[in-house]
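Novice: What follows is a protein structure lacking sequence information:
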């Protein structure tokens with residue numbers, strides 16, 4: 001019995017030590033991210049599509065109300081980079097709210113909710129889809145949102161090609177450059193930001209994005225955008241990937257992205273190497 005008690009005691013001591021290490025590590029990660037800006041990533045906002053890319057309208061409104069009521073100030077990617085590069089001042093608790101693809105429900109649902117709460121958003125639009133497919137907004141709607149000051153419209157490539165599969169530098173340039181030209185022409189602006197479809201990139205894609213004139217490019221990865229981050233692969237926190245986007249889940253991703261980032265990376269690595277059971281033990285909301 002005494003040996004069993006001793007073993008239990010040792011296990012408890014190890015667990016206690018792990019908890020302390022994790023707590024210290026979490027505190028260090030949050031402290032080191034003090035200058036970071038959470039960049040939230042959405043796709044569809046509607047009540048009909050039950051898939052992992054969709055947030056219901058009432059859930060989205062609850063999330064935006066939380067931001068507005070808790071002192072967050074929505075900014076644009078340009079405001080964030082201007083602060084880092086030119087010393088302009090950012091508001092307290094800055095946050096960037098982004099949407100990918102250009103779904104018409106962004107215009108019908110997300111746009112009026114952002115206006116209601118005095119928030120700004122950024123839509124990374126697939127230019128070939130605008131005005132072509134009924135599930136995507138039109139160029140006129142894009143212009144209305146851009147001119148309102150509520151929504152910035154930026155690039156998500158020409159046809160949503162996963163850029164790592166492009167096959168040639170010529171096709172990469174077509175996807176990155178021609179989408180920018182289309183947005184510049186239709187919206188009368190100088191598009192300076194892009195989000196990579198599926199979050200996929202490599203060094204060649206980063207180089208061509210920079211040469212195409214983009215100030216920064218965004219992927220999808222837990223963590224905060226920060227001044228020391230590579231401008232061609234800026235982090236965005238996914239607010240998708242589940243069919244149940246509770247407010248608690250949103251708060252955890254918003255406030256603790258620097259902690260969940262390493263956990264998400266480890267979970268993906270374990271799954272990739274076949275250690276699915278170990279991966280399932282890691283909780284990433």
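Specialist: Perfect, thanks for sending it. This is a predicted model, so every value here is computed, not measured. Residues are numbered from 1 along each chain as shown.

Novice: what's the next secondary structure element after the strand or helix carrying residue 100?
Specialist: If you go by DSSP states H and E, residue 100 is part of strand 94-101. The C-terminal neighbour of strand 94-101 among helices and strands, as given by DSSP H and E, is helix 104-105.

Novice: And for the helix or strand following that following helix, what's in contact with it?
Specialist: For helix 104-105, the following helix or strand on the C-terminal side (DSSP H and E) is helix 111-116. Residues outside helix 111-116 that contact it (Cβ atoms under 8 Å, 6 or more residues apart in numbering) are 45, 57, 60-61, 64, 74, 97, 120-121, 145, 148, 150-151. Backbone N, C-alpha and C define where each C-beta goes, glycine included.

Novice: Quick one: distance of helix 111-116 to the chain centre.
Specialist: In terms of Cα atoms, centre = their mean, to the nearest Å, the centre of helix 111-116 is found 19 Å from the chain centre.

Novice: likewise stretch 137-153?
Specialist: Counting by Cα atoms, centre = their mean, stretch 137-153 comes out at 20 Å from the chain centroid.

Novice: Please point out which parts of it sit buried.
Specialist: For stretch 137-153, the neighbour count (16 or more other Cβ atoms under 10 Å) marks 137, 139, 141-142, 145-146, 150-153 as buried.

Novice: and if you look at stretch 64-72?
Specialist: Of the residues in stretch 64-72, 64, 67-68, 72 count as buried by neighbour count, 16+ other Cβ under 10 Å.

Novice: neighbouring contacts of it?
Specialist: For stretch 64-72, using Cβ under 8 Å, 6+ apart, the contacting residues are 74, 92-95, 97, 113-114, 116-119, 247, 250-251.

Novice: Mind telling me which residue is nearest the centre of the chain?
Specialist: Centroid-nearest residue in the chain, with Cα atoms, centre = their mean: residue 236, separated by 2.7 Å.

Novice: Report the contact partners of residue 90.
Specialist: 37, 75, 79-80, 83.

Novice: how about the strands in the stretch 101-250 of the chain?
Specialist: Ranges of strands in the stretch 101-250 of the chain, per DSSP state E, counting those that start in this stretch, are 121-125, 151-155, 193-195, 216-218, 237-238.

Novice: mind putting the ones you listed in CSV, distance to residue 274 included?
Specialist: Listed next are the strands of the stretch 101-250 of the chain as CSV, based on distance: least, Cβ to Cβ, whole Å:
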stretch, distance to residue 274
strand 121-125, 34
strand 151-155, 37
strand 193-195, 31
strand 216-218, 30
strand 237-238, 24
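
Novice: will you turn those strands into TSV that also has mean pLDDT and distance to residue 107?
Specialist: Formatted as TSV, the strands of the stretch 101-250 of the chain follow (pLDDT from 0 to 100; distance: least, Cβ to Cβ, whole Å):
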stretch	mean pLDDT	distance to residue 107
strand 121-125	98	9
strand 151-155	98	8
strand 193-195	98	18
strand 216-218	97	21
strand 237-238	93	22
